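A.B. asks: any chance you could fold what I've pasted below:
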Amino acid sequence: AEGHINYCSSLGIIAGRGDGTFDPGATVTASEAAKMLLVAVGYNAEIERFVGGDWAVNVNAKASALGIFNGFTKNVTAPLNRDDAALLIYNALDVERIQQYSGNYALVYSDRRTILGEVYGVYKLKAVVTGNKWAQLDGTEYDERLADGKTRVDNPRVYTSNTLGTNTGDSSGNANNNNTIIDLGNTRIFDVDTPVEYLGQTVTMYVRKTTVLNDYEVLGVQLREEDNTVVKTAEIIDVNPSDNVFKTLLKGTGLTIKTDKDNTPEYYVNYGKVADRDAANAELKLNPAKNVVGGDTIIDNKYGVELTIIDNDKDGNVDYVLWLQEDLTQLTAKNTNKDYVTFLADPYKPDLTGYNRARTIDTDDVVFVDEAKEGDLVLVRTYGGRYYVSQPEVITGKMESYSAKKTAEQYIVVDGETYHASFINTTAGGQVDQVYTFDVADCANKGDDGVQWDITYDFYLDSNGHIAAFKPSEKLVPNYALVLESGYNPGV
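C.D. replies: All right, here's what the predicted structure looks like:
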């Protein structure tokens, strides 16, 4: 280590213990690491007063201002572990390098170069993900997606630095000057996989040789939390219909859903484009059954339906409104020899729950999140031309109480736990023997399609813990009496 120590010491990156000795086997604190990184990018330790009794105070102030401590939440005087050290190094790679000093003022290079860009040829690209191997958000249908290993982004722009000075403003004529980004056009497809959750959100891509789009390599992608505001729920927004709207959900978030042409958000159900919120309600069919209040016509969400609202540029205007609705159905066939499956289909919803009109579906288009066998009741999410199959959680118990009041929250209590009725699709309800769609309003109605007192049921939950359907734990047998002898004599 002697050669490395001498080299770093000659550059002022390290100064030892102050008595002319070095301790390469000792732990390193965040402040010590930050000092080394600051000098490595060109800061002068003497001029910046990174030496002497107040060195740590000055280092911490400069490192915080430049973002080296971004994401670091521990005590800066505590020893670093490998993960923390990697975080600080990562942040420092994107700090603008110092070219020279004018008096006591550090001057960066005119092209705003960083170690990340200059040494490794890597730049940061900021863009909104609008398509990947899962689905698309491009005015497309629910069954469209990109090929594996592809991600489409809109309005990609290259950042040459992560510091405050270069993260603001737009480029002029694609010039890479102070406070600028490099605009690369409207839409690009890159060779990289991204998660389904990234759809609609702004990300940072780390790309090598970005300025030559025919010769690039994506090294990584991450969400830009500073740009995205995301509101999610799988609950009813409010039991009062007039308050069961986006405005209630977004209260306190700073977000607004605009209706003017230039700022209206895009609406999608299972990643399929719909015209507006009314069209989404028509697709989701939230209104006809299980109404909290009679006459409820506009409902922006209900229990079990996953609603995601995204502002991806911090302007306070919602850019995307996404609903995701699953279905409780039956896996009616699973043929491993011929590689196909079939599902119980809903003839009234030929798209999301049509399941190829109950005909065979190639197993390449079916993703079994959980193992399932023929005859099982399963939860299916349909989007991007694929069917994602999981097993529903089943709770077994008796109804202890319920509330079906139309002007208050509706619920059922099963063995001490409170549940709500789910508004996912339930193709299995009424079509599979003794399986019924759950509706609180039908409880204790003395019919098989309602939950009765003193009977043990299996309750099928959606992915968010709400009751979608139920069936008796033991098959109910009608009450019959066998008459062995009668005192009635018609001849008397």
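A.B. asks: so the residue nearest the centre of the chain, which state does it fall into?
C.D. replies: Compute the mean C-alpha point of the chain, and by C-alpha atoms, centre = their mean the closest residue is Glu197, 3.4 Å away. At Glu197, secondary structure determined by DSSP: H, G, I helix; E, B strand; the rest coil is helix.
A.B. asks: residues in contact with it?
C.D. replies: Listed by C-beta atoms under 8 Å, 6 or more residues apart in numbering, Glu197 has no contact partners. Any C-beta I mention is one placed from the backbone N, CA and C, and that applies to glycine too.
A.B. asks: go again with 10 Å.
C.D. replies: With contacts defined as C-beta atoms under 10 Å, 6 or more residues apart in numbering, the neighbours of Glu197 are 129, 134, 223, 230, 232, 308.
A.B. asks: again, but for Arg359
C.D. replies: Under the criterion of C-beta under 10 Å, 6+ apart, the contact partners of Arg359 comprise 340, 342-343, 345.
A.B. asks: so where's the protein uncertain?
C.D. replies: Along the chain, segments meeting pLDDT under 70 span 1-26, 159-187, 209-215, 286-299, 349-350, 407, 475-492.
A.B. asks: for it, just list every one of the helices.
C.D. replies: Across the chain, reading from the start of the chain, the helices by DSSP state H fall at 2-10, 30-40, 55-66, 82-93, 115-118, 246-249, 277-284.
A.B. asks: which one of those is the most hemmed in?
C.D. replies: Per residue and on average, the most neighbours among those fall to helix 30-40, with a mean of 23 (mean count of other C-beta atoms under 10 Å).
A.B. asks: now the angle from it to helix 55-66?
C.D. replies: Here helix 30-40 runs at 70 degrees with respect to helix 55-66, directions being taken by axes from the mean of the first three to the mean of the last three C-alpha atoms, to 10 degrees.
A.B. asks: check which helices and strands helix 30-40 sits against.
C.D. replies: For helix 30-40, the elements it packs on are helix 2-10, helix 55-66, helix 82-93, judged by 3 or more C-beta pairs under 10 Å, 6 or more residues apart in numbering; DSSP states H and E.
A.B. asks: I'd like those helices as CSV, with distance to Thr363 appended.
C.D. replies: Conversion of the helices and strands packed on helix 30-40 to CSV gives the following (distance: least, C-beta to C-beta, whole Å):
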stretch, distance to Thr363
helix 2-10, 56
helix 55-66, 52
helix 82-93, 40
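A.B. asks: between those, which one is closest to Thr382.
C.D. replies: Distances from Thr382 to each of the helices and strands packed on helix 30-40 were compared using C-beta to C-beta; the minimum, 38.7 Å, belongs to helix 82-93.
A.B. asks: hmm, who's touching that closest one?
C.D. replies: Here helix 82-93 makes contact (C-beta under 10 Å, 6+ apart) with 28-30, 33-34, 36-38, 40-41, 63, 66-74, 78-80, 114-117, 119-120, 122, 162, 206.
A.B. asks: in the stretch 51-200 of the chain, which spans are strands?
C.D. replies: For the stretch 51-200 of the chain, the strands identified by DSSP state E, counting those that start in this stretch occupy 98-102, 105-108, 122-131, 151-159, 182-183, 187-190, in order along the chain.
A.B. asks: just say which of those is most tucked in.
C.D. replies: Sorting the strands of the stretch 51-200 of the chain by mean neighbours (by mean count of other C-beta under 10 Å), the first place falls to strand 122-131, with a mean of 23.
A.B. asks: just the CA coordinates of it, formatted as PDB?
C.D. replies: As requested, the backbone C-alpha atoms of strand 122-131 are provided in PDB (Å, rounded to 0.1, in the frame of the first residue of the first chain):
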ATOM      1  CA  VAL A 122     -21.100   7.400 -19.000                       C
ATOM      2  CA  TYR A 123     -23.800  10.000 -19.000                       C
ATOM      3  CA  LYS A 124     -27.200  10.300 -17.300                       C
ATOM      4  CA  LEU A 125     -30.300  10.300 -19.400                       C
ATOM      5  CA  LYS A 126     -33.600  11.600 -17.900                       C
ATOM      6  CA  ALA A 127     -36.800  10.300 -19.500                       C
ATOM      7  CA  VAL A 128     -40.300   9.000 -18.800                       C
ATOM      8  CA  VAL A 129     -40.800   5.200 -19.300                       C
ATOM      9  CA  THR A 130     -43.800   4.600 -21.600                       C
ATOM     10  CA  GLY A 131     -43.200   0.900 -22.600                       C
END
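A.B. asks: starting at the chain centroid, how far to that strand?
C.D. replies: For strand 122-131, the distance from its own C-alpha centre to the chain's C-alpha centre is 17 Å (C-alpha atoms, centre = their mean, to the nearest Å).
A.B. asks: for stretch 347-362, which residues meet the burial criterion?
C.D. replies: By 16 or more other C-beta atoms under 10 Å, the buried positions in stretch 347-362 come out as 352-356, 361.
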